[in-house]
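A.B. asks: Quick one: sequence plus predicted model below, questions after.
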Amino acid sequence: VAISHHVSSYLDLLLGDLEEVWVMVDATLGNGHDALKLKERFPEAMLYGFDVQKAAVEASTRRLNRQGITTGFEFFHQSHEKIGEAVRGPVDLCLFNLGYLPGGDKGRHTAYDTTVKAVTGALAKLSPRGLILLTLYPGSLRGRIETILLEDHFRGLDQKAVTVMRIQPVNQKNDPPYLMVLKKNSG
Ligand code: SAM
């Protein structure tokens, strides 16, 4: 599908240069495509995953199991606001693929209030070289509202503490999804 193609090419671009990844978080498991990609790229790293839909947690577990991956991950049927409590150790890589689950319940769209809490929790746990990656979907009404509010929040973050970047297609129609990257600054 076009959307997952965007997301996966962003991921390839960014993950290509990443090393020393020991703890990863998939904050929006969905069907587990991103989770599998993370485990394939960093098989030794522990992966924590979250989704508010039980079906998503189950589908993601099955997807990993089908590839013979049965350890080195722990998935929670919980909102990603719990990242701060549930995840142990400094986080090297944290992924938010926002929006709703394609083919699933569109009512379970991610929402600014909870997303911002989760990102704040992840930022507090981020290792010095860690990255938080968010895919934003401004093409739908709910996605647009979430995108605008999140960008507003990010603009307000202290530039000494964190760098926020945007990777965005400029020649595609209809508000394509794009990526934001957060990185802590060491002081
Ligand atoms: N990464 C997924 C994949 O590879 O298939 C796609 C994720 S999908 C675009 C967004 C997911 O976020 C949905 O499965 C939805 O249930 C989940 N979600 C919505 N609100 C959430 C929350 N507060 N905490 C965790 N997951 C949430």
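C.D. replies: Okay, I see it.

A.B. asks: from here on, contacts and neighbour counts on C-alpha atoms
C.D. replies: Will do.

A.B. asks: Could you tell me which residues of the protein lie near the ligand?
C.D. replies: 27-34, 50-53, 56, 79-80, 97-101, 108-110, 114 (C-alpha under 6 Å from any ligand atom).

A.B. asks: filter those to the buried ones?
C.D. replies: With burial judged by 16 or more other C-alpha atoms under 10 Å, the buried subset of the residues of the chain next to the ligand is 27-32, 34, 50-53, 56, 79-80, 97-101, 110.

A.B. asks: Tell me which of the residues of the chain next to the ligand fall in strands.
C.D. replies: Among the residues of the chain next to the ligand, the ones falling in strands (DSSP state E) are 50, 97.

A.B. asks: contacting residues around L131?
C.D. replies: Counting by C-alpha atoms under 8 Å, 6 or more residues apart in numbering, L131 touches 92-94, 181-184.

A.B. asks: give me the low-pLDDT residue ranges for the chain?
C.D. replies: For the chain, the stretches with pLDDT under 70 are 1-17, 187.

A.B. asks: just the helices in it please.
C.D. replies: Ranges of helices in the chain, per DSSP state H, are 2-15, 33-41, 54-66, 83-86, 112-125, 141-155.

A.B. asks: now the ones you listed as TSV including distance to T135?
C.D. replies: Output for the helices of the chain, formatted as TSV (distance: least, C-alpha to C-alpha, whole Å):
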stretch	distance to T135
helix 2-15	7
helix 33-41	11
helix 54-66	18
helix 83-86	18
helix 112-125	12
helix 141-155	10
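
A.B. asks: since we're on the nearest residue to G130 once chain neighbours are set aside, how many residues are nearby?
C.D. replies: Excluding its sequence neighbours, the residue lying closest to G130 (C-alpha to C-alpha, 6 or more residues apart in numbering) is D92, at 4.1 Å. For D92, the count of nearby residues is 23 (other C-alpha atoms under 10 Å).

A.B. asks: Tell me how far D92 lies from D175.
C.D. replies: 30 Å (C-alpha to C-alpha, to the nearest Å).

A.B. asks: Over to D152?
C.D. replies: D152 is 18 Å from D175, where distance means C-alpha to C-alpha.

A.B. asks: Please say which of these two ends up with more neighbours.
C.D. replies: Set D152 next to D175 and count neighbours by other C-alpha under 10 Å: D175 wins out with 14 against 11.

A.B. asks: for this structure, which strand is longest?
C.D. replies: The chain, longest strand under DSSP E: strand 126-136.
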